[in-house]
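Peer 1: here are the coordinates; sequence isn't available:
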């Protein structure tokens, strides 16, 4: 719902990756057991057969993450875009945490994958 159509115009792989990201956030992130995650991935692999022009590696390549934080923190309009690297996201999150700690209260968070 936060994705702006113009950012994905004529980029079918990015739309498929966005869909995969959302599926992961809604379903996979709630799974506790490895067997359940494995079964979930069986369903995802079956679903992506609908997109024969794109390989599984291309669709699920890491980082498979979309957010508006990076664009906003870089001074752009909030746009739901793919994260280019974990390092760039980590930098943004650490900067936001530091900004919060300076203005509100000290929150000692540990960021992990």
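Peer 2: Here it is on my side, so go on. The structure presented is a predicted model; accordingly, all values stated were derived computationally and were not measured.
Peer 1: top helix in this protein by residue count?
Peer 2: helix 86-103 (DSSP state H).
Peer 1: please identify the buried residues of that helix?
Peer 2: 89, 92, 93 (16 or more other Cβ atoms under 10 Å). In this view, the C-beta of every residue, glycine as well, is placed from N, C-alpha and C.
Peer 1: could you list the low-pLDDT ranges of this structure?
Peer 2: 71-76, 113 (pLDDT under 70).
Peer 1: which residues does the most centrally placed residue in it contact?
Peer 2: By Cα atoms, centre = their mean, the mean C-alpha position of the chain lies nearest to residue 65, the distance being 1.5 Å. Residue 65 makes contact with 21, 82, 83, 89, according to Cβ atoms under 8 Å, 6 or more residues apart in numbering.
Peer 1: spatially, what comes nearest to the third one if we skip its sequence neighbours?
Peer 2: Spatially, and ignoring its direct neighbours in sequence, residue 83 is nearest to residue 65 (4.3 Å; Cβ to Cβ, 6 or more residues apart in numbering).
Peer 1: please report the distance of that neighbour from residue 6.
Peer 2: 21 Å (Cβ to Cβ, to the nearest Å).
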